[in-house]
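> A structural model of the following input is requested.
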Amino acid sequence: QVQLVESGGGLVQSGGSLRLSCAASGLTLDNYNIGWFRQAPGKEREGVSCISSEDNTYHADSVKGRFTISRDNAKNTVYLQLNSLKPEDTAAYYCAAGDIYGLEPGFYTYWGQGTQVTVSS
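Have a look, this model is predicted:
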């Protein structure tokens, strides 16, 4: 059974940092492209960052220079480092695994349940 579990969310002040983790069971993450997405109440799911199976990375313009995606294959875990957080970063954050590299939700097959990030002003 494939399972992706996000952790690391929480409440942080504007300008603060968090590190989100995406731990996998039932699949080997380094064989997949991994994406991080977020969804705020009343808004569509938005692609944030992705890392390919060859470790290429891409970040949406809204987070470029502030967020960093990385993977630890030994731990079968992908991370999203969130720095210089802003109130508009408040959302539920989801990781996903799939065969196509990019920030389209449709590229991804397996999804976690999400972790909440709340940034106060």
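> partner residues bridging the most centrally placed residue in the chain?
Centroid-nearest residue in the chain, with Cα atoms, centre = their mean: Trp36, separated by 2.6 Å. Taking DSSP bridges as the rule, Trp36 bridges to Ser49, Cys95.
> correct me, but it touches Ile69?
Yes. Shown here, Trp36 and Ile69 form a contact pair, counting by Cβ atoms under 8 Å, at 6.4 Å. Heads up, the C-betas are built off the backbone N, CA and C, glycines and all.
> what touches both of the two?
Ser49, Cys50, Val78, Leu80 (Cβ atoms under 8 Å, 6 or more residues apart in numbering).
> Which secondary structure state is assigned to the nearest residue to the last one once chain neighbours are set aside?
Leaving aside its chain neighbours, Leu80 sits nearest to Leu20 (4.3 Å; criterion: Cβ to Cβ, 6 or more residues apart in numbering). Here Leu20 is recorded as strand under DSSP: H, G, I helix; E, B strand; the rest coil.
> so Leu20 sits right up against Gly10, yeah?
No. With contact defined as Cβ under 8 Å, Leu20 does not reach Gly10; the gap is 9.8 Å.
> Which neighbours do the two have in common?
Val117.
> higher neighbour count, the two?
Using other Cβ atoms under 10 Å as the criterion, Leu20 and Gly10 rank with Leu20 on top: 23 against 13.
> for the more buried one, what are its contacts?
So Leu20 contacts 6-9, 36, 79-82, 93, 95, 115, 117 (Cβ under 8 Å, 6+ apart).
> what's the distance between it and Gln1?
22 Å (Cβ to Cβ, to the nearest Å).
> Excluding chain neighbours, give the residue nearest to Ala40 in space.
For Ala40, the closest residue by Cβ to Cβ, 6+ apart turns out to be Ala91, at 4.2 Å.
> in terms of contact, does the one you found touch Trp36 like I think?
No. Ala91 lies out of contact with Trp36 (Cβ under 8 Å); the separation is 10.7 Å.
> Fine by me, thanks again.
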